[in-house]
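this one's sequence-less:
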């Protein structure tokens, strides 16, 4: 089963400095049919104006992944972590027993990012934060695992969840197949470009909620950048 969730159907809120679209219920947006997808709880598509951002606030027992699409985001937290994550790269914050952080766009242009929350497999982990570059030329024609809760994904950022976040790029006309087990829940968003997923057309920033499938074949109808979560 693949459910198409067009970008224009997403909930959201425009706060001036932040224009956010929500693939799932979040904050003041509530849709009882979109409360999450397996362990995937939040997928926000955020546009943050230059010089603006989220002031310090707390989280606990959540795996929070930020995939930067344009510009950069600067992180600070009460553990002493401080870092900047650029477009195409990923940061992971494991909130665990509790962490307070801020996220600001200190660039001279707007920042666009996906904010992705995944429920941990167990509660009470020590909080942590990390970021690393994943050059896009290493993802051409394939998926690369960017964050993972599986030990075999040694090069990926670690999360405390039975889930993977992967990124990839396809040139127009290229195809890629991703294997699944039917009981898992995958969610795919083209960050850029248009693709076909098992024959279903997705436009840029549309979502596809996938379960009950043994594999998906993605064909690029335009040059495309893909982001995929594969969760329990």
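Received it, and whenever you're ready, just let me know what you need. Just so you know, these numbers come straight off a predicted model, no measurement behind them.

Residue 229: what's it in contact with?
By Cβ atoms under 8 Å, 6 or more residues apart in numbering, the residues touching residue 229 are 40, 43, 116, 118, 163-166, 186-187. For the C-beta atoms, the positions are set from N, CA and C on the backbone; glycine is no exception.

How about it, nearest residue that isn't a chain neighbour?
residue 187 (4.9 Å; Cβ to Cβ, 6 or more residues apart in numbering).

Quick check: buried residues in the host helix or strand of that neighbour?
Using DSSP states H and E, residue 187 maps to strand 185-192. Buried residues in strand 185-192, counted by 16 or more other Cβ atoms under 10 Å: 185-191.

go on, stretch 42-55?
Applying 16+ other Cβ under 10 Å to stretch 42-55 flags 42-48, 53-54 as buried.

Repeat that for stretch 105-123.
105, 107, 111-120.

What of stretch 74-81?
Those would be 74-77, 81, for stretch 74-81 by 16+ other Cβ under 10 Å.

TSV please, covering those residues and showing secondary structure, pLDDT and distance to residue 203.
Listed next are those as TSV, based on DSSP: H, G, I helix; E, B strand; the rest coil; pLDDT from 0 to 100; distance: Cβ to Cβ, whole Å:
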residue	secondary structure	pLDDT	distance to residue 203
74	strand	98	31
75	strand	98	30
76	strand	98	35
77	strand	98	35
81	coil	98	36
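
Show residues contacting stretch 29-44.
Residues from elsewhere that reach stretch 29-44 (Cβ under 8 Å, 6+ apart): 5, 11-13, 20-26, 62, 114-119, 121, 161-163, 184-185, 187, 189, 207, 209, 211, 229, 231-232.
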